[in-house]
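Trainee: Okay, predicted coordinates and the sequence, questions at the end:
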Amino acid sequence: MAPHSSSPTSGLKAILRDAVLARRDGLAPESRRDGSVAVADAVMAIDALAGAQIVGAFWPIRSEVDPRPLIDRLFARGQRVALPKVTPEGLVFREWKAGEALVAGRFGLSEPRDDLPPLDPTALIVPLAAFDRRGHRIGYGRGYYDRAIARLSGNGPVLTIGIAFAVQEIEAVPAEPHDRPLDHLVTEAGPVSLLRT
């Protein structure tokens, strides 16, 4: 199911996505590495996250924030971690334990093995291309996380935490009806103060 790929808003999002990802790609590798550690420390300070038994995370691609320092901290605190697998039906989260091999998935992703049981996280660490201070995000254009958040919310509240570098902030994400603002946004500078309307 392709999400609204022909709408004018989707076209604007694509332009914004390309511009912001170019800024992110321009960060020095050491800045991305140090920034990822700072993001991990700030996310761990979110009180609501401590109550989540299963946290959905992701394996990094390209120049995005590396969530592995955060995953290490979650394990150290005794929390379980689930990683997503892209399927035709959407994202399926499977538990991942430190040191387990991952397999190559679509779009250059590293994913958990198919023989691991699916789990539904109650908190999600969400990747993104761009964000604004209303908590809206631009993803990578396929809508997987929008649909996963909607599906998981059918089980009860899902804590959503977007992680990014500060250079990924834009003035306003052109929101569409299916977009849901994130509960928290964190960059290497710390938690982003979100403007709620």
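Mentor: Sure thing, it's come through. These numbers were taken from a predicted model, which means no experiment stands behind them. Numbers count the residues shown, from 1 in each chain.

Trainee: what's across from the most centrally placed residue in the chain in the sheet?
Mentor: The residue lying closest to the centre of the chain (C-alpha atoms, centre = their mean) is residue 126, at 1.6 Å. Here residue 126 sits in beta bridges with residue 162, going by DSSP bridges.

Trainee: And it, how close does it get to residue 187?
Mentor: Going from residue 126 to residue 187 by C-beta to C-beta, to the nearest Å gives 13 Å. Backbone N, C-alpha and C define where each C-beta goes, glycine included.

Trainee: okay, and the common contacts of the two?
Mentor: Listed as contacting both residue 126 and residue 187 by C-beta atoms under 8 Å, 6 or more residues apart in numbering are residue 163.

Trainee: so residue 112 makes contact with residue 83?
Mentor: Yes: counting by C-beta atoms under 8 Å, residue 112 touches residue 83, with 4.9 Å between them.

Trainee: Find residues that contact each of those two.
Mentor: Common neighbours of residue 112 and residue 83 (C-beta under 8 Å, 6+ apart) are 94, 96, 102.

Trainee: Report pLDDT for the last one.
Mentor: As summarised for this prediction, residue 102 has a pLDDT of 83.

Trainee: so what's it up against?
Mentor: Residue 102 neighbours (C-beta under 8 Å, 6+ apart): 59, 83, 96, 110-113.

Trainee: May I see the ChimeraX selection of the buried members of those residues?
Mentor: The ChimeraX command for the buried members of the contacts of residue 102 (criterion: 16 or more other C-beta atoms under 10 Å) is given here:
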select :59,83,96,111,112
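
Trainee: Would you list the phi and psi of residue 131?
Mentor: According to degrees, to the nearest 10, the main-chain angles of residue 131 amount to phi -150, psi 160.

Trainee: Spit out the contact partners of it.
Mentor: 137-138, 162, 164, 168-170, 173, 182, 185, 192.

Trainee: Against which helices or strands is the top helix by length along the chain packed?
Mentor: Using DSSP state H, we find that the single longest helix of the chain is helix 8-25. Secondary-structure packing of helix 8-25 (3 or more C-beta pairs under 8 Å, 6 or more residues apart in numbering; DSSP states H and E): strand 130-131, strand 137-138.

Trainee: need the strands for the protein, in chain order.
Mentor: For the chain, the strands defined by DSSP state E occupy 54-56, 80-87, 90-96, 103-104, 110-111, 123-126, 130-131, 137-138, 159-163, 184-187, 190-191.

Trainee: Quick check: which of these is nearest to residue 147?
Mentor: strand 90-96 (4.8 Å; C-beta to C-beta).
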